[in-house]
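In: Show me the folded form of this:
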Amino acid sequence: MVRGNTIQIAEEIPEENYDFRAAPGVMSVGETLVHIAFSPRFHETIHFERRLSTLAGFDFFAYRDAQDAESKAVSGKAAILEALRVEGERFASALEGVSDEFLAEHVDSPPGMTPAFKTRFEMLMSAKEHEMHHRGQLMLTERMLGITPHLTRRREEMIAAMRARAAGG
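Out: Residues are numbered from 1 along each chain as shown. Predicted structure coming up:
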C-alpha cells in the first residue's frame with residue numbers, strides 16, 4: 001500500500017516537473033522518487049544478503065556512494081516508475097515468509113549510536129517509515145505545483161459522501 005501510494009504520486013506529477021526542487025539544496029522530484037525506489041536495498045543488503053548482526057565496521061559512505069551512482073543512471077518518468085515498481089516488488093518478495101525469530105534478532109548499532117541495537121523488525125519497518133517521510137515531502141511538492149494529492153482528494157470525497165448521507169437521512 002505504501003509503495004502503491006508513492007507510485008500514484010509519481011504518476012500524477014507531470015514529467016516536466018520531475019526536475020522541480022521545493023528549495024535550494026533539496027532533492028528534485030525525480031531524485032526523491034529514485035531515492036525512494038532504491039533505499040530498501042540497504043535493508044536487503046544488511047538483513048538478507050549479508051545477514052549482519054552488527055553494523056560496526058559497515059562502510060555506510062561507500063555503500064551510499066555506490067547507491068548514488070546507480071541512482072543517477074535512472075532518469076525519465078517511465079524509468080523512475082519502473083524502478084519504483086520493480087524495487088518495491090523485490091523488497092516485498094524479500095520480506096515474504098520471514099520468521100518471527102528472524103525479525104526478533106538484534107542488530108548492534110555502530111559504536112556511539114543509540115540505541116545500542118534494534119531488532120530486524122524495527123529496522124525493516126524503518127524502510128517504510130523512510131518512504132512515507134519522503135512521500136510527505138512529495139505531497140507538499142504536489143501542492144506547490146498546484147496538484148491536490150490523491151489521498152487528500154480521496155478524504156475529501158469520503159467527507160462529501162458522509163455529509164450527503166447525513167443530509168439525506
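In: Quick check: next helix or strand after the longest helix along the chain?
Out: In the chain, taking DSSP state H as the definition, the longest helix is helix 120-144. Downstream of helix 120-144, the first helix or strand assigned by DSSP states H and E is helix 150-168.
In: now the angle from that following helix to helix 120-144?
Out: For helix 150-168 against helix 120-144, the angle by axes from the mean of the first three to the mean of the last three C-alpha atoms, to 10 degrees is 80 degrees.
In: ok, residues contacting helix 150-168?
Out: N5, Q8, I9, E12, M139, T148 (C-beta atoms under 8 Å, 6 or more residues apart in numbering). (Each C-beta comes from the backbone N, C-alpha and C, glycine too.)
In: Now do the same contact list for the second one.
Out: What it means is Q8. Counting by C-beta under 8 Å, 6+ apart, Q8 has contacts H150.
In: Can you list the buried residues in the helix or strand where it lies?
Out: In the assignment (DSSP H and E), Q8 maps to helix 2-12. Residues R3, N5, T6, I7, I9, A10 are the ones in helix 2-12 that count as buried (16 or more other C-beta atoms under 10 Å).
In: contacts for the next helix or strand after it?
Out: Reading on from helix 2-12 to the C-terminus, the next helix or strand found by DSSP H and E is helix 29-38. By C-beta under 8 Å, 6+ apart, the list of residues contacting helix 29-38 from outside reads 6, 10, 13, 17-20, 27, 67, 70-71, 74-75, 77, 80, 83-84, 87-88, 130-131, 134-135, 137-138, 141.
In: for the protein, which spans come out with low pLDDT?
Out: 169 (pLDDT under 70).
In: how far away is the residue nearest the centre of it from E105?
Out: Nearest residue to the geometric centre of the chain (C-alpha atoms, centre = their mean): E131, 2.3 Å. Shown here: E131 relative to E105, a distance of 23 Å by C-beta to C-beta, to the nearest Å.
In: Nothing else from me, thank you.
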